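In: Here is a sequence together with a model predicted from it:
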Amino acid sequence: MSTDESVAPVAMRKAMGVFATGVVVITTAHDGQRFGMTANSLTSVSLDPPLLLACFQTNSATAAAIEARGAFVVNFLSERQQAVSRLFAQSKTDPWDGLAPEYVDGDLPVVPKSLCWTRCDLHSSTVAGDHTVLFGRVVDAVHREGIPLVFYRGAYHKMSPDGVDAGWFW
């Protein structure tokens, strides 16, 4: 294949679908409004300084609010939070309805009962294809015990406590 050819989007999605990922909800607040979205495009970039990156569609209201605010929270979901993941993946409803978020730094919302959360200052951003990549410097992290929510081949996947595949669930 020459360098000017590309794989079709469907093939790309299928290829990347075999890479199991955790599921996070990325949240922020700006001008008195809470924002949040489900994501699985999250990567640890550096330990010194502690940096991570998250990818957002270029028209993401959450990404725009993060860039305006300069801070965000990454909420790592537990296996029991599939419904939370679905809420923040939809754009038709307010995902905060029925949730009682915790707050850090006054008004940055934290998804309740998250397995872990990291509070990040926006380090930098760049546009890559049809996405905006935001780099965050982790300034705080809280970890709780539990099993993560996993996404694999377009569906949620469940792990057993010892990390061995425990099968699919919906």
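Out: Nice, I can see it.

In: can we go C-alpha only for contacts and neighbour counts from here?
Out: OK.

In: Cross-check the contact I'm expecting between T28 and R34.
Out: Yes - T28 is in contact with R34 according to Cα atoms under 8 Å; the separation is 6.0 Å.

In: Which residues are in contact with each of the two?
Out: L108, P109 (Cα atoms under 8 Å, 6 or more residues apart in numbering).

In: Which one's more surrounded, the two?
Out: T28 (26 against 17; other Cα atoms under 10 Å).

In: for the more buried one, what are its contacts?
Out: With contacts defined as Cα under 8 Å, 6+ apart, T28 is in contact with R34, F35, G36, T62, A65, I66, R69, A71, F72, V73, L108, P109.

In: looking at the sheet around the third one, what are its partners?
Out: Judged by DSSP bridges, the bridge partners of G36 are T27.

In: Next: C55.
Out: Counting by DSSP bridges, the residues bridging with C55 are V133.

In: From S124, how far off is it?
Out: Here C55 is placed at a distance of 12 Å from S124 (Cα to Cα, to the nearest Å).

In: and stretch 69-79, how far out from the chain's middle?
Out: Its chain's C-alpha centre lies 6 Å from the corresponding centre of stretch 69-79 when counted by Cα atoms, centre = their mean, to the nearest Å.

In: what comes into contact with that stretch?
Out: Contacts of stretch 69-79 (Cα under 8 Å, 6+ apart): 22-30, 66, 85, 108-111, 113-122, 136, 146-150, 158.

In: Please apply the same query to stretch 6-20.
Out: V150, F151, Y152, R153, G154.

In: thinking again about what came up before, anything in contact with each of C55 and S124?
Out: Shared contacts of C55 and S124 (Cα under 8 Å, 6+ apart): L134.

In: Name the residue in these two with the higher neighbour count.
Out: Ranked by neighbour count (other Cα under 10 Å), C55 and S124 place C55 first, with 22 against 13.

In: Can you classify T62 as helix, strand or coil?
Out: helix (DSSP: H, G, I helix; E, B strand; the rest coil).

In: Please apply the same query to the one 3 residues further on.
Out: Each residue gets one of three states, and A65 gets helix by three-state DSSP.

In: Let me see the contact set for it.
Out: Residues in contact with A65 (Cα under 8 Å, 6+ apart) are T28, A29, H30, F35.

In: With adjacent residues omitted, what lies nearest to the first one?
Out: Counting by Cα to Cα, 6 or more residues apart in numbering, the nearest residue to T28 once its immediate chain neighbours are dropped is F72, at 4.7 Å.
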